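>>> Attaching a predicted model along with its sequence, questions to come.
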Amino acid sequence: MSTPEAGSATMRVDPAEVVRLKTRLEAVRATVSDFVLANSHALAAVPFAEDVVSQEASQDFTENAGQAIDVTRQFIDQLNLTIEGLQGAVDTYNLADDTHAMTMRNLGSGIGQS
């Protein structure tokens, strides 16, 4: 019994699953983007009082909220890259599928012709 050589493993992915994953990630991106757009301004904290502790707590909360929004935007950027990669995979599959279909049509049209 032979063992597969390193790097010879293959992975088969149903193209429909790639499209489903891309669609799902687009929905996640839309939800997160809409939330950030609608709520990021509301995360700025207003101090409850005029004392130093309240002022500093408000400032700290606002800074932390800003960092959370920044990280969320980075997440959206990564989703965009992933979605673009999945679209590239779909396009490549469709191109290969179209090429194979055209080859089969050309072969089929030559059958029986001499």
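Structure's in. What do you need?

>>> and the longest helix for the chain?
In the chain, taking DSSP state H as the definition, the longest helix is helix 52-110.

>>> for it, packing partners?
Judged by 3 or more CB pairs under 8 Å, 6 or more residues apart in numbering; DSSP states H and E, the packing partners of helix 52-110 are helix 15-39. Backbone N, C-alpha and C define where each C-beta goes, glycine included.

>>> So which bits of the helix it packs on are buried?
Using 16 or more other CB atoms under 10 Å as the test for burial, helix 15-39 gives 18, 22, 29, 36.

>>> In those, which has the lowest confidence score?
Within the buried residues of helix 15-39, residue 18 has the lowest pLDDT, namely 92.

>>> Pretty sure residue 72 sits against residue 36.
Yes: using CB atoms under 8 Å, residue 72 is in contact with residue 36, at 5.6 Å.

>>> if we can go back for a sec, as CSV, the buried residues of helix 15-39 with distance to residue 63 would be great.
Below are those laid out as CSV (distance: CB to CB, whole Å):
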residue, distance to residue 63
18, 40
22, 35
29, 26
36, 17
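
>>> So which of these is the closest to residue 104?
residue 18 (22.8 Å; CB to CB).

>>> Could you check how far residue 52 is from residue 58?
11 Å (CB to CB, to the nearest Å).

>>> hang on, I meant residue 90
When distance is defined by CB to CB, residue 90 is 47 Å away from residue 58.
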